[in-house]
Structure formats: structure tokens, C-alpha cells
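> just coords:
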């Protein structure tokens, strides 16, 4: 989404996942565990990242 895809090459620590887009912007997130429920602070960081780069508009 938003042109980002998971970066498969390169080393990441443990459960960290990196996503990159065509502009070489990188989002680095921890994979949620246990389960697949993202933590609220991670979602807030992601929203802030996307808003700063004008992918999302403030409501």
C-alpha cells in the first residue's frame, strides 16, 4: 500500500521488517507477536510517518 513493499534483502534484527518505496523511503516496523495484532504505538508511528510525507491527510 502507498507504493511500499517489504525489503527482502539486507539484515534486520529479529522481528523487524523494513518496507521501501520507489523513492527509497523506508519504514521499519516490528512484526506483531504473539499473534498478528499491531500495537497502538506502532500504528501511531506509521500514521505519523505517512502524514509527514503527505500520504495521509490530517482529519
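Happy to help now that I have it. A quick note: this is a predicted structure, and the numbers were derived from the prediction, not measured.
> residues touching the residue most central in space within the chain, list them.
Nearest to the mean C-alpha position of the chain, by CA atoms, centre = their mean, lies residue 27 at 4.0 Å. Residues in contact with residue 27 (CB atoms under 8 Å, 6 or more residues apart in numbering) are 4, 18-20, 46, 49. In short, each C-beta sits where N, CA and C put it, glycine included.
> surely residue 42 is in a strand?
No. Residue 42 sits outside any strand when classified using DSSP: H, G, I helix; E, B strand; the rest coil, being helix.
> all strands for the protein, in order.
Secondary structure of the chain (DSSP state E): strands located at 5-6, 16-20, 26-30.
> pLDDT wise, what is residue 45 at?
Per-residue pLDDT puts residue 45 at 90.
> for it, which non-adjacent residue is spatially closest?
Among residues not flanking residue 45 along the chain, residue 29 sits closest, at 7.9 Å (CB to CB, 6 or more residues apart in numbering).
> residue 25 against residue 53, yeah?
Yes. If you go by CB atoms under 8 Å, residue 25 and residue 53 touch, sitting 6.6 Å apart.
> do I have it right that the residue nearest to residue 45 meets residue 43?
No. Assessed by CB under 8 Å, residue 29 is found out of contact with residue 43, at 9.7 Å.
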